[in-house]
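> structure for the following, please:
(2 chains)
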Amino acid sequence: MRWSEAFIPTLREAPADSEAVSHKLLVRGGFIRQLAAGSYTMLPLGQRVRLKIGEIVREEMNAIGGQELMLPTLHPAEIWRKSGRYELMGENLFKLHDRKGADLVLGMTEEEIFGMLASELFSYKQLPQIWYQMHVKFRDEPRPKSGLLRVREFTMKDSYTLDIDAPGLDRGFDKHHDAYVRIFARMGLEAIDVEASSGAMGGSESIEFIQRSEAGEDWAVTCETCDYRANVERAVSALDPIDDGEPTELERFPTPGLRTIKALAEAHPDIAAPDRQIKSLVYMVDGEPIVVLLRGDHDLQEQKLLDSTGAPEDGARPAQPEEIRELLGADPGSLGAVGVSDVKVVADRALQGRVNMTTGANEDDWHYKGVDVARDIDVTTWADLRQVTDGESCVKDGGSLELWKGIEVGHIFKLGTQYSEAFGAFVQDEGGTSHPIIMGSYGIGLERGMAAVVEASHDDGGIVWPVSVAPYELVITVIRPDDQNTMATANRLYDDFDSAGVDVLLDDREERPGVKFADSELIGIPYRVTVGPKGVDSGMAEITERKGLVRSELAFDDVVETLAERIEGARFGI
RNA sequence: CGGGACGUGGCGCAGUUUGGUAGCGCGCAGCGUUCGGGACGCUGAGGUCGUGGGUUCAAAUCCCGCCGUCCCGACCA
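Residues are numbered from 1 along each chain as shown, chains lettered A, B, ... in the order given. Alright, predicted model coming up:
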């Protein structure tokens, strides 16, 4: 491609209001343009990157036996009602009506449709199957953010494994795990696989791939001394034992004006250190009030609450002060679960067996002391609810846990049989007995992956694409396109690189050298061959690697062969 | 949804406090000089000031409604 004929609208100035570097660089470099909140146009450069990422994904999916298909994105709502996800997905699911008034939805993943297709299988002999597609998904995100990192419309590679038994599911899951490791490595990412919450997807086990990045929105912990790693939505940690002393009698005591854990602890350090208090929160879960109990110094991890109650994705919210007063008769700051019997009480396991605790008395300015959790509180459900914090101890080996932030670039789920049962996907085994097909589902967001690569690989001058996903592998920067000799040499090189199979861009624009250098660095082309009158006279081409801007010289006679070989070697990405 | 900010040529912004004929930089077009790290001169094109209403002799500017976008909090590939 000749740059002078290409649509590569680079900008000198970035959008001022976005946080993410990847967004600024992709906009400035002419890769993407925003249409609306969470809707992006892929310009030619962006589309080339997107297609290369898609091709890596396709190769690796095919390598594990995946068969590519394509399903509609516009679905009858009935299908989603049948799986239960019409309600479960809440507001995140785009819902619309056609001219006849029929309810439709736009797919956010497609377990339902793949489940329906799977009902065309009848025998164990037809299993296992790995089916996938790369197609648009819609999510009505409450807050699209950070450019391509969180959008409302994006391309997902979603795949599904179909097996007759649990060992089969495990094999399909492991194949995907391996494929994902290879995909992210080939893209130039260092995504870490962590235990995760399955959320609204359902199922038993799931693993997220997270790329460390300040621009990310996911938090995970890793143990510094063993292989434990988990998303905070799921992560657990070991707690140091606390000496509560001997159990004593439950007793009310006045606490005028003490409305926070901290204030109470400071006023009564002997009995109410934060880890001796019970923190009481009220949540509306699926429309029903629930009292949530945690140790005073612990924070609630909301996903854990959702997981433990099976509530829809957006089904939990903190209760309003008025709702709390009506329910418990006091304002936040004096709440407690002692004597509460007609409301569900979900308590964190860290409170199990604790005695001599302090908690609110459900009357403003009064607390209880001497609380014996087992004796004084009617706990409906025990669950792991607290959020792990940085530096706590690993449950596996006691090592220190590090809490870090990253971008979720992939997520794999062991689903089970909920969709196959809902859509009648059963197969018979050797003995003629019917079994629901066991499904797994696996997703990668292509555009998010693209942004993650930029987050992971850029410098002050712009993007530094790995060869494997670069929109062009090499750019020929012509210093004096008006000089016939120079342009002739550049044209010859261009043809030779093209014939050698290199994705080459010829910068023949009538621009000054500085502009061309800066632009090629901004858009991140891995290799640059500079062709100018000086070099043409001496027979030497100047080579600049984008990464580190390392320069070297090569004779024009050797440059194509040498660089084509080097690019070929880097193209696979590992 | 709660909190904050913004909306003015393609991009980045000033102008709004104190109403009076819409400006700057970049970019773009033409000509000329330049040309190995974001050149310069001259000439020129390009704007319903997000939108609807109101106040006023007069509204980018004041008032009200709506829409949109971004950022901070609760959610996902």
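> distance check, the most centrally placed residue in chain A against RNA strand B.
The residue at the geometric middle of chain A, judged as the C-alpha nearest the mean C-alpha position with C-alpha atoms, centre = their mean, is residue A:408 (2.2 Å). Shown here: residue A:408 relative to RNA strand B, a distance of 5 Å by C-beta to the nearest atom of the strand, to the nearest Å. For every residue, glycine as well, the C-beta is placed using N, CA and C.
> got phi/psi on residue A:271?
When quoted as degrees, to the nearest 10, the phi and psi of residue A:271 stand at phi -120, psi -10.
> what about the closest residue to it other than its chain neighbours, neighbour count?
In this structure, residue A:271 finds its nearest non-sequential neighbour in residue A:369, 5.3 Å apart by C-beta to C-beta, 6 or more residues apart in numbering. By other C-beta atoms under 10 Å, the residues close to residue A:369 number 22.
> for residue A:369, which residues count as its bridge partners?
Beta-bridge partners of residue A:369, counted by DSSP bridges, are residue A:251.
> which ones are touching it?
By C-beta atoms under 8 Å, 6 or more residues apart in numbering, the contact set of residue A:369 is A:248, A:250, A:251, A:253, A:271, A:272, A:356, A:357, A:358.
> same check, this time on residue A:115
Applying C-beta under 8 Å, 6+ apart, we find residue A:115 in contact with A:83, A:419, A:420, A:422, A:423, A:425, A:439.
> can I get the residues you listed in a markdown table including distance to residue A:234?
Shown next, in a markdown table, are the contacts of residue A:115 (distance: C-beta to C-beta, whole Å):
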| residue | distance to residue A:234 |
| --- | --- |
| A:83 | 23 |
| A:419 | 22 |
| A:420 | 25 |
| A:422 | 25 |
| A:423 | 28 |
| A:425 | 28 |
| A:439 | 21 |
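> just the buried ones from the residues you listed, in PyMOL syntax?
For selection in PyMOL, the members of the contacts of residue A:115 meeting the burial criterion (16 or more other C-beta atoms under 10 Å) are listed in this command:
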select buried, chain A and resi 83+419+420+422+423+425+439
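> please narrow the contacts of residue A:115 to those residing in strands.
Here DSSP state E is the test, and the contacts of residue A:115 give residue A:439 as lying in strands.
> now, the contacts of residue A:115 that are in helices?
Using DSSP state H, the subset of the contacts of residue A:115 located in helices is A:83, A:419, A:420, A:422.
> would you format the residues you listed as TSV with pLDDT and distance to RNA strand B included?
As requested, the ones in helices among the contacts of residue A:115 are exported to TSV (pLDDT from 0 to 100; distance: C-beta to the nearest atom of the strand, whole Å):
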residue	pLDDT	distance to RNA strand B
A:83	93	15
A:419	95	14
A:420	96	19
A:422	95	18
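> check contacts around residue A:554.
Residues in contact with residue A:554, defined by C-beta under 8 Å, 6+ apart, are A:540, A:541, A:543, A:562, A:563.
> buried residues of whichever strand or helix holds residue A:169, list them for me.
Remark: residue A:169 resides in helix A:166-186, with elements defined by DSSP states H and E. For helix A:166-186, the neighbour count (16+ other C-beta under 10 Å) marks A:168-170, A:172-173, A:175-177, A:179-180, A:182-186 as buried.
> so which elements touch that helix?
The contact analysis (3 or more C-beta pairs under 8 Å, 6 or more residues apart in numbering; DSSP states H and E) places helix A:166-186 against helix A:44-63, strand A:153-163, strand A:192-195, strand A:205-212, strand A:401-416, strand A:438-445.
> so what touches it?
Helix A:166-186 is contacted by residues A:56-57, A:60-61, A:63-65, A:127-128, A:130, A:159, A:161, A:163, A:190-191, A:193, A:205, A:207, A:209, A:211, A:409-410, A:412, A:414, A:438-440, A:442, A:444, A:449, A:468, A:572-574 when judged by C-beta under 8 Å, 6+ apart.
> just put the contacts of residue A:369 in a markdown table and tack on distance to RNA strand B.
Compiled in a markdown table, the contacts of residue A:369 are given as follows (distance: C-beta to the nearest atom of the strand, whole Å):
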| residue | distance to RNA strand B |
| --- | --- |
| A:248 | 36 |
| A:250 | 33 |
| A:251 | 35 |
| A:253 | 33 |
| A:271 | 30 |
| A:272 | 26 |
| A:356 | 31 |
| A:357 | 26 |
| A:358 | 26 |
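> most neighbours, which of the residues you listed?
Using other C-beta under 10 Å as the neighbour definition, the contacts of residue A:369 reach their maximum at residue A:357, which records 27 neighbours.
> hmm, residue A:277 and it touching each other?
Yes - with contacts defined as C-beta atoms under 8 Å, residue A:357 counts as touching residue A:277 at a distance of 6.6 Å.
> enumerate the residues of the stretch 51-200 of chain A near RNA strand B.
A:92, A:109, A:139, A:141-146, A:150-151, A:154, A:156, A:199-200 (C-beta under 7 Å from any atom of the strand).
> circling back to that earlier point, nearest to residue A:114 among the ones in helices among the contacts of residue A:115?
When those are compared for distance to residue A:114, the smallest value, 7.6 Å, is given by residue A:419; criterion: C-beta to C-beta.
> residue contacts, that closest one?
For residue A:419, the contact set (C-beta under 8 Å, 6+ apart) comprises A:83, A:111, A:112, A:114, A:115, A:425, A:439.
> residue A:120 too?
Applying C-beta under 8 Å, 6+ apart, no residues contact residue A:120.
> distance of it from residue A:83?
Taking C-beta to C-beta, to the nearest Å as the criterion, residue A:120 is separated from residue A:83 by 18 Å.
> next: residue A:113.
When distance is defined by C-beta to C-beta, residue A:113 is 10 Å away from residue A:83.
> what's the answer for residue A:252, then?
The span separating residue A:252 from residue A:83 equals 50 Å under the rule C-beta to C-beta.
> now swap in residue A:510 and tell me
Taken as C-beta to C-beta, the spacing of residue A:510 relative to residue A:83 amounts to 59 Å.
> kindly report the same for residue A:380.
For residue A:380, the distance to residue A:83 under the criterion C-beta to C-beta works out to 28 Å.
> picking up where we left off before, please identify the most buried of the helices and strands packed on helix A:166-186.
Each of the helices and strands packed on helix A:166-186 was given a mean neighbour count from mean count of other C-beta atoms under 10 Å, and the largest, a mean of 26, is that of strand A:438-445.
> residue A:498: how many residues sit nearby?
14.
> how about the contacts made by it?
Residue A:498 sits in contact with residue A:504, where contact means C-beta under 8 Å, 6+ apart.
> RNA strand B versus that one, what's the distance?
When distance is defined by C-beta to the nearest atom of the strand, residue A:498 is 22 Å away from RNA strand B.
> got it, and residue A:437?
Applying C-beta to the nearest atom of the strand to residue A:437 and RNA strand B gives a distance of 20 Å.
> hmm, that residue is touching residue A:118, no?
Yes - at 5.3 Å, residue A:437 counts as touching residue A:118 under the criterion of C-beta under 8 Å.
> of those two, who's got more company?
For residue A:437 and residue A:118, the more surrounded residue by other C-beta under 10 Å is residue A:437, and the numbers stand at 30 against 25.
> who touches that one in this structure?
Contacts of residue A:437 were listed using C-beta under 8 Å, 6+ apart, and they are A:118, A:121, A:127, A:162, A:163, A:164, A:417, A:420, A:425, A:426, A:427.
> good, wrapping up.
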